[in-house]
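Colleague: Quick one, what's the 3D model for this:
(one chain, ligands or ions: 1)
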Amino acid sequence: MDIKNHIEELRRELHRHNDLYYIESNPTISDIDFDKMMKELQDLENQYPEYYDSNSPTQRVGSDITSSFSQQNHKYPMLSLSNTYTINEVREFLNRASSILKEPFKICAELKYDGTSVSLTYIDGKLDSAVTRGDGEKGDVVTANVKTIRTVPLILKGDYPQEFEIRGEILLPWKEFDRLNKEREAQEEPLFANPRNAASGTLKLQNSKIVASRKLEAILYYMLGSELPSDSHYENIKKAQEWGLNVSKHLKLCDNIEDIETFINYWDKERKNLPVATDGIVLKVDSISQQQKLGFTAKSPRWAIAYKFQAERAESELQSVSFQVGRTGIITPVANLQPIQLSGTIVKRASLYNEDAIKAFDLHIGDICYVEKGGEIIPKIVGIDLDARNERLGAKVTFISHCPVCNTPLIRYEGEAGYYCPNQNGCAPQVKGRMEHFISRRAMNIDGVGPETIDSFFANGVLTNYSDLYSLTVERIVNCPRIKSSDIYDYEDYTSDNTKDQKIGGLFDNIVTQPAKAKSNRRFTELIANKIIKSIENSKNVPFERVVYALSIRFVGETVAKKLAKHFKDIDSLIAAKYEDLIDVEDVGDRIAKSIIDFFSDNRNLISIEILRNAGLKFKIDEIVDDAEKSDTLNGASIVISGTFTKHSRDEYKHLIELNGGKNISSVSSKTDYLLAGDNMGPSKLEKANKLGIKIISEDDFLKMINQ
Ligand code: IVH
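Modeller: Residues are numbered from 1 along each chain as shown. Prediction:
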């Protein structure tokens, strides 16, 4: 078979398996085999760029090219739907349609997905373009980003029309939304308020590699074109499904208002179990010729209407307002409410956003607040019942001027709505939050130490700062009382008037902590203490870039930390860097540069770094790993890494394996060539490797093998 045919065959097979996996939910090959096929195609495409095809399955991984979007006119304008909120309004819609049509008609009832809309054009069965709604007349061309969405087929199967458009909603499933927000929280990036904002924000990213990593979904619900297969919208959607398109699955043809009401009532409850956000039902006259008869008003079709679900709302009395202090010192006002039932959970607290919101509500203690839990996870206060106010109304709520924990005057950064406590090194939640960040998996990855341990150590004066970690001893830990998570001090309980200072000693001897809570009888045992000391020891292998990330320099997330490490190569150059040097680094702007300078101008941070340096942490990039040359010494050998190592980290070994022409494999099988074994490796892996006669090598053996 010649190369071109082989490439085409691979593309066909990969499209088919993509369809089986993402559309049919019936995969017939393993992920590994799929990846192998993809790798083969990628290699061939690199080798033979003349056979490039923008719809090749390899194009889904996204490209690094960043470009602003071009705009394209919509062939058919992208209109919106008029909204209704009651079944009576639905009845009126049906009557209006009936009086124009003067004949029976069917209604297709379907879910109204709450994402961002997009119009896909397929020509000759290939995805040609994807355009956002924009102003309804023209939108942004986001084809490259949409191509990264696995549920959007690049190539169709079956008897599709030569050219057609299909519109739908781009969504971020709840699970992905939660994951993304957790990740953003860790990176100190602003959180997305709801999946809709997250989906539209993601679709507009310039770097499609990041888009690819976010696992968007597309659900399609409206087909347009001059040669559609049927006069029925319902039938067309079913056809689209046969061509491999991910269409809305929950459609129901209704003959009368009773059918519609049953559909609405069912989904009003059942939608809570869907993986994506919905905010209502769409009702469409099913016949396309009848749709044409009904036509459009300037803004919306006369043949369709949206019925919006009531955002669940409850009323509750405001009992107090708390001010939380976050890891970065940000102050968040939270309303404490008389507990109420809302969307299946009991709500006691609701977000009050910031000072501006409190002012806008003219909020008073005792106010009856309207609370909603719409697309958002955190309930929010959407209004106040002013009529319910009486002479018993309590005090006006004002924003605090001093930190509720350490009493430092708060500051407001230019252009930001929030207030911060600037006492980074002296305010307990900030110091403790930074320790939790320091030990976290993506930073120093100190196994066996979690927020509970940090809490216990902090409350008992065993740790006052992350730099204390490396001088911990077994003796110091053993018998330290353990705090259960239920005892963990809850900053949300702090109101501006109940601050009780409690000071503890150490390098940062003026940290204000919380009043001690009831202590449990549990204590750290010698076994656990030994484990903790061992993982702290192991963390000394963590590469420089992750140490930079672990330091908690405000606004320095993982990506920026990596770029700083690569650019400056060691901590002394980073500390000495001037503003101009810093903004020279990719992704570092004014805000980050200033924050880095601030961080290193605080003597306490410099002392911490010295302590960490003396403890043996990596404060320069690993020349061997970073400057190692490519080779094919390992000649495609499959290597499984297991356990912990002393000379390099696992990530570095993975990098070295690939750099030297080997393959990283996650589990031992008969195809494994070597098992690179460190300390504490899993006994089952070892047993399996022995059974299969796989060569077990130490890190020294491995370094010898690659001539280092
Ligand atoms: S049909 C002429 N069907 O809701 C409009 N729209 O405000 C045809 N939407 O722009 C749209 N689910 O972004 C249709 N099943 C569904 C939908 C849906 C969500 C969105 C869409 C539309 C907006 C209307």
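
Colleague: excluding its backbone neighbours, what's nearest the residue in the stretch 601-708 of the chain that the ligand sits nearest to?
Modeller: Closest residue of the stretch 601-708 of the chain to the ligand, CB to the nearest ligand atom: S666 (39.6 Å). Any C-beta I mention is one placed from the backbone N, CA and C, and that applies to glycine too. Residue nearest to S666 in three dimensions, not counting chain neighbours: V640, with 7.0 Å by CB to CB, 6 or more residues apart in numbering.

Colleague: How about A144?
Modeller: That would be S208: by CB to CB, 6+ apart, it lies 4.7 Å from A144.

Colleague: Against the ligand, how distant is that neighbour?
Modeller: Plainly put, S208 is 22 Å away from the ligand if you go by CB to the nearest ligand atom, to the nearest Å.

Colleague: That residue is in contact with T148, isn't it?
Modeller: Yes: counting by CB atoms under 8 Å, T148 is a contact partner of S208 at 5.5 Å.

Colleague: phi, psi of I23?
Modeller: The phi and psi values for I23, taken as degrees, to the nearest 10, are phi -100, psi -50.

Colleague: What about it, how many residues nearby?
Modeller: 19 (other CB atoms under 10 Å).

Colleague: ok, it to P77 distance?
Modeller: 29 Å (CB to CB, to the nearest Å).

Colleague: do Y122 as well
Modeller: Counting by CB to CB, the gap from Y122 to P77 is 19 Å.

Colleague: Between those two, point out the one with more neighbours.
Modeller: Higher neighbour count among Y122 and P77: Y122, with 24 against 14, using other CB under 10 Å.

Colleague: and the helix or strand hosting that one with the ligand, contact?
Modeller: Assessed by DSSP states H and E, Y122 sits inside strand 116-123. Yes: contact between strand 116-123 and the ligand, assessed by CB under 6 Å from any ligand atom, occurs at S117.

Colleague: what's the offset of that strand from the middle of its chain?
Modeller: Taking CA atoms, centre = their mean, to the nearest Å, one finds strand 116-123 lying 25 Å from the centre of the chain it belongs to.

Colleague: what's it packed up against?
Modeller: strand 126-132, strand 163-171, helix 195-203, strand 217-224 (3 or more CB pairs under 8 Å, 6 or more residues apart in numbering; DSSP states H and E).

Colleague: at 7 Å what do you get?
Modeller: The contact analysis (3 or more CB pairs under 7 Å, 6 or more residues apart in numbering; DSSP states H and E) places strand 116-123 against strand 126-132, strand 163-171, helix 195-203.

Colleague: now the angle between helix 195-203 and the shortest one, please.
Modeller: Using axes from the mean of the first three to the mean of the last three CA atoms, to 10 degrees, the interaxial angle of strand 126-132 with respect to helix 195-203 works out to 120 degrees.

Colleague: what comes into contact with strand 126-132?
Modeller: 55, 72, 74, 116, 118-122, 139-143, 146-147, 152, 154-155, 203 (CB atoms under 7 Å, 6 or more residues apart in numbering).

Colleague: about what we covered before: so for R392, which of the helices and strands packed on strand 116-123 sits nearest?
Modeller: Closest to R392 of the helices and strands packed on strand 116-123 is helix 195-203 (CB to CB; 39.1 Å).

Colleague: Buried ones in that closest one, by neighbour count?
Modeller: By 16 or more other CB atoms under 10 Å, the buried positions in helix 195-203 come out as 195-200, 202-203.

Colleague: for stretch 435-453, same thing?
Modeller: So, applying 16+ other CB under 10 Å, buried residues of stretch 435-453: 435-440, 443-447, 449, 451, 453.

Colleague: Out of those residues, which comes closest to Q241?
Modeller: Distances from Q241 to the buried residues of stretch 435-453, taken by CB to CB, are shortest for S440, at 43.0 Å.

Colleague: confidence score at the closest one?
Modeller: pLDDT recorded at S440 is 89.

Colleague: now the helices: where do they sit in the stretch 251-400 of the chain?
Modeller: Ranges of helices within the stretch 251-400 of the chain are 257-270, 288-294, 355-361, based on DSSP state H, counting those that start in this stretch.

Colleague: For the last one, which outside residues touch it?
Modeller: Meaning helix 355-361. By CB under 7 Å, 6+ apart, helix 355-361 touches 333, 352, 381, 384, 397, 399, 417.
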